[in-house]
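*Asks:* Predicted model and sequence follow; I will ask about them next.
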Amino acid sequence: MYKLLTVVLSFFSTFLFAQENPVKFSFNDSIDAAGNHQLVIKAVIPKGIKLLSTNSIEALPDVKTSIVFDSSSKLKLHGNLATATKSQTEKSPALGDIHIEYFIDSVTWMQPVKVAKGDSFRIKGELTTYILSGEDLLSFSEPLSKEFIYKEASNTFSSETKSVIGWLLAGVLAGLIGFLTPCVYSLVPVTVSLFLKKNSTPRQGKKSALFYCFSIIVIYAIVGILSVLFVPQATWNAISTSWQFNLFVFLIFVIFGISFLGAFEINLPSSWANHADKRAGFGTYSGIFFMALTLVVVSFSCTGNFVAGLLGIASKTNKIAAVSGLTGFGIGLALPFALFAFFPSWVKAISKPGAWQKRMKITLGILEIAFAMKFLSNVDVQLGTFWFTRNIYLIIWIGLFAFLVLYLLGVFNRKNGSIFPSKEALKKHVPIPRFIFALIFLAFTIYLIPGLWGHPLNSISGLLPPYGTQEYGLNKGASNNNFIIKPSKYYNELKKNESAAAKTAGLEAFFDYDEAMSAAKEQGKPLMIDFTGIVCPNCREFENRVWIQPEVMNRMKNNFVVVSLFEDFAQELPDAEKRFSPLLGSQINTVGDKFKELSMKLTGGISQPNYIFLNHDGTKIIEKSYGYDDVQKNGIQDFVKHLDLAVQNFRPSK
């Protein structure tokens with residue numbers, strides 16, 4: 001009788017002082033190496049709280065935590081619910097010395113789920129919890145809901161399952177890819193020439209090159225450590241896309257390009273060499289470290305996406321994984337430079353004087369100036385001036401590469417003030433390697449020409465200004481704009497940044513979330529969010545390689561309301577909308593900041609491009625977002641299936 005009275009009084013206090021459940025639950029999908037899915041239910045229990053287990057109390061059989069699945073969900077379950085956390089037992093004075101079984105701190109339950117190929121469904125149920133808070137026995141009920149989508153067991157780098165070693169290898173791969181970007185690769189001749197000038201013996205050259213590589217690795221490791229400790233993820237993306245940084249990189253490329261053309265020589269200060277002699281090598285290694293730091297800074301505009309991506313994804317796992325990924329990135333970026341240390345004959349070959357070396361320098365100088373235009377274009381679109389339209393940009397590139405072709409074929413001769421080759425020069429044969437390079441650049445020049453009349457030039461679309469700046473030659477298809485609610489907010493500011501695929505197909509996209517959601521409700525269609533960027537080469541590549549496919553564009557145009565949210569759009573928000581974002585860990589001052597916060601909320605990170613599909617109540621149709629890496633791995637048809645799945649699972653508003 002006493003026990004019963006105690007329980008009754010405890011329940012009375014619960015109803016009298018209704019409160020929120022202090023125990024927080026999360027529901028996740030876990031996949032083992034064999035591809036078996038499990039529903040993972042995790043409870044985080046505050047200090048001083050005891051969560052009763054799912055096992056019955058002998059005297060009070062109904063007082064227990066229970067997880068009950070609905071009838072349709074039970075058909076998808078396989079086996080029994082298992083507790084992955086060890087419980088504790090004791091006599092509870094609060095319940096009249098009844099023996100109870102409970103958990104503290106946290107507890108995890110695992111429920112195997114049958115997921116067949118092509119499946120997409122939601123497991124639903126109700127979670128009833130009993131907790132002891134001091135002398136009070138409290139009970140709470142809440143819904144359980146988790147969407148399951150068929151996934152194969154993957155050996156790719158998953159932010160949830162990979163070890164620190166896995167992230168190290170992922171970073172190495174990203175670093176090797178980053179080395180091939182123009183910001184890094186074009187600096188190789190300058191770096192090699194400085195090594196040659198500073199080192200008189202092959203042994204010293206090897207030591208210098210190895211220290212240079214080591215310095216790059218150390219710098220990225222330090223960046224990883226400092227970033228996870230002090231710098232919000234969104235800040236890295238803001239730096240790499242800012243017009244100030246792109247202007248800085250443009251100037252660096254132009255200076256290097258003009259130097260290669262022979263206007264002047266770039267040398268480290270002579271005082272460094274004198275200081276090195278006095279300090280017995282200290283200055284030499286400090287200078288090499290400075291060179292490595294210069295490479296990291298200058299290359300950040302090209303490698304910033306890799307760095308931000310590694311930080312963003314790895315930070316969801318743990319901070320050590322983020323540091324490991326950045327260290328691996330430094331290794332991958334430095335590894336090609338290390339080849340010069342292990343193969344000093346390559347360095348000797350490059351150092352041999354000759355006409356070919358001069359032509360190589362001039363070729364690289366022209367390429368430097370051509371690539372510099374990309375960063376100037378980034379500044380132009382970020383500021384919204386649009387002085388360098390797509391046509392002007394292509395004209396400059398066509399002129400530069402046409403000049404390069406003629407130069408490699410020996411057309412120009414500056415001796416005796418003439419720009420034409422002498423008779424003696426005409427009699428000479430063009431070396432085969434130079435002729436091959438001339439043919440490659442000629443083919444590329446011819447490839448660029450149709451772009452003046454609106455050809456999308458898909459293979460290099462990421463390097464060109466937005467297709468919306470094309471001055472003529474746009475062939476726009478029939479528009480899908482039968483909306484009562486028309487795109488208006490930010491439309492004038494961002495319409496020039498629309499993709500070539502959208503322009504040519506007549507896809508009318510919105511640029512504001514609230515406006516697009518209103519249109520989606522009006523049309524009775526799901527909302528497709530395209531998290532993108534004004535300065536985002538991967539976004540342009542995805543749009544011009546994937547969106548342009550008829551099976552993709554037809555679905556986007558007819559089955560969805562599409563909103564493109566530019567996360568680097570720098571228009572300032574009204575003062576009333578400015579605030580601090582706990583998700584970003586920084587202040588929201590611009591429209592782009594607001595969209596970054598939405599990306600963090602919906603996808604758990606900031607990456608571009610990234611696609612998420614929503615019902616009219618703002619809930620996700622498909623839990624997983626779809627990004628650039630997904631289509632790289634699985635192909636375009638996988639994105640088509642993803643679009644169809646979003647339509648299939650869409651729940652219209654009533």
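*Replies:* It's in.
*Asks:* Distance of Phe639 relative to Tyr491?
*Replies:* 26 Å (CB to CB, to the nearest Å). All C-beta atoms are positioned from the backbone trio N, CA, C, and that covers glycine.
*Asks:* hang on, Gly399 in a strand?
*Replies:* No. Under DSSP: H, G, I helix; E, B strand; the rest coil, Gly399 sits outside any strand and is assigned helix.
*Asks:* got a pLDDT number for it?
*Replies:* Per-residue pLDDT puts Gly399 at 93.
*Asks:* what about it, how many neighbours?
*Replies:* By the criterion of other CB atoms under 10 Å, Gly399 has 12 neighbours.
*Asks:* go on, the one 4 residues further on?
*Replies:* A count of nearby residues for Phe403, using other CB under 10 Å, gives 15.
*Asks:* Just give the nearest non-adjacent residue to it, would you?
*Replies:* Leaving aside its chain neighbours, Phe403 sits nearest to Ile366 (7.0 Å; criterion: CB to CB, 6 or more residues apart in numbering).
*Asks:* check contacts around that neighbour.
*Replies:* Ile366 is in contact with Gly257, Leu261, Leu400, Phe401, Phe403, Leu404, Tyr407, counting by CB atoms under 8 Å, 6 or more residues apart in numbering.
*Asks:* if we go to 10 Å?
*Replies:* Residues near Ile366 by CB atoms under 10 Å, 6 or more residues apart in numbering: Gly257, Phe260, Leu261, Leu400, Phe401, Phe403, Leu404, Tyr407, Phe441.
*Asks:* Pretty sure the third one sits against Leu400.
*Replies:* What that stands for is Leu261. No. Leu261 is not in contact with Leu400 according to CB atoms under 10 Å; the separation is 11.5 Å.
*Asks:* any shared contact partners between those two?
*Replies:* The contact sets of Leu261 and Leu400 overlap at Ile366, Ile369 (CB under 10 Å, 6+ apart).
*Asks:* Weed out the non-buried ones from the contacts of Ile366.
*Replies:* Gly257, Phe260, Leu400, Phe401, Leu404, Tyr407, Phe441 (16 or more other CB atoms under 10 Å).
*Asks:* roughly how far apart are the fourth one and Lys525?
*Replies:* Separation of Phe401 from Lys525 (CB to CB) stands at 44 Å.
*Asks:* Helix, strand, or coil at Leu507?
*Replies:* coil.
*Asks:* Near it, how many residues? Count them for me, please.
*Replies:* Residues within reach of Leu507, counting by other CB under 10 Å, total 24.
*Asks:* I'd guessed it sits against Val563; true?
*Replies:* No. With contact defined as CB under 10 Å, Leu507 does not count as touching Val563 (11.5 Å).
*Asks:* so where do the strands sit in the stretch 551-654 of the chain?
*Replies:* With DSSP state E, counting those that start in this stretch as the definition, the stretch 551-654 of the chain shows strands at residue ranges 561-566, 579-581, 586-588, 610-614, 626-627.
*Asks:* got those strands as JSON lines, with distance to Gln88, mean neighbour count and mean pLDDT columns?
*Replies:* Output for those, formatted as JSON lines (distance: least, CB to CB, whole Å; neighbours: other CB atoms under 10 Å; pLDDT from 0 to 100):
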{"stretch": "strand 561-566", "distance to Gln88": "48", "mean neighbour count": "26", "mean pLDDT": "92"}
{"stretch": "strand 579-581", "distance to Gln88": "39", "mean neighbour count": "13", "mean pLDDT": "84"}
{"stretch": "strand 586-588", "distance to Gln88": "42", "mean neighbour count": "16", "mean pLDDT": "82"}
{"stretch": "strand 610-614", "distance to Gln88": "41", "mean neighbour count": "23", "mean pLDDT": "91"}
{"stretch": "strand 626-627", "distance to Gln88": "43", "mean neighbour count": "20", "mean pLDDT": "84"}
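*Asks:* Tell me which of those lies nearest to Leu60.
*Replies:* For those, proximity to Leu60 was assessed by CB to CB; strand 610-614 is nearest, at 43.8 Å.
*Asks:* So which elements touch that closest one?
*Replies:* When contacts are defined as 3 or more CB pairs under 10 Å, 6 or more residues apart in numbering; DSSP states H and E, strand 610-614 packs onto helix 513-523, strand 527-532, helix 537-542, strand 561-566, helix 591-603, strand 626-627, helix 628-634, helix 636-649.
*Asks:* hmm, 8 Å instead?
*Replies:* strand 527-532, helix 591-603, strand 626-627 (3 or more CB pairs under 8 Å, 6 or more residues apart in numbering; DSSP states H and E).
*Asks:* Tell me which of the ones you listed is the most buried.
*Replies:* Each of these was scored by mean neighbour count; the highest is strand 527-532, a mean of 25, by mean count of other CB atoms under 10 Å.
*Asks:* when you compare where that strand runs with where strand 610-614 runs, what's the angle?
*Replies:* Counting by axes from the mean of the first three to the mean of the last three CA atoms, to 10 degrees, strand 527-532 lies at 160 degrees to strand 610-614.
*Asks:* Flag the least confident of the contacts of Ile366.
*Replies:* Across these, the smallest pLDDT goes to Phe260, namely 69.
*Asks:* Adding secondary structure as columns, could you present the contacts of Ile366 in TSV?
*Replies:* As requested, the contacts of Ile366 are exported to TSV (three-state DSSP):
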residue	secondary structure
Gly257	helix
Phe260	helix
Leu261	coil
Leu400	helix
Phe401	helix
Phe403	helix
Leu404	helix
Tyr407	helix
Phe441	helix
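*Asks:* show me the contacts for the closest residue to Lys525 other than its chain neighbours.
*Replies:* Of all residues not flanking Lys525 in the chain, Val561 sits nearest, at 5.2 Å (CB to CB, 6+ apart). Neighbouring residues of Val561 by CB under 8 Å, 6+ apart: Phe483, Phe510, Ala516, Ala519, Ala520, Gln523, Lys525, Pro526, Leu527, Met528.
*Asks:* measure Tyr513 to Leu169 for me?
*Replies:* Taken as CB to CB, the span from Tyr513 to Leu169 is 37 Å.
*Asks:* wouldn't Met556 be in contact with Leu527 here?
*Replies:* No. The pair Met556 / Leu527 is not scored as a contact, 11.8 Å apart, by CB atoms under 8 Å.
*Asks:* Which of the helices and strands in this protein ranks last by mean pLDDT?
*Replies:* helix 2-16 (a mean of 43; mean pLDDT, DSSP states H and E).
*Asks:* what about the helices in the stretch 401-550 of the chain?
*Replies:* With DSSP state H, counting those that start in this stretch, the ranges of helices along the stretch 401-550 of the chain come out as 423-427, 432-448, 491-494, 500-505, 513-523, 537-542, 550-559.
*Asks:* residues in contact with the last one?
*Replies:* Applying CB under 8 Å, 6+ apart, the contact partners of helix 550-559 are 480, 501, 505-507, 525-526, 528, 546-547, 562, 636, 639-640, 643-644, 647.
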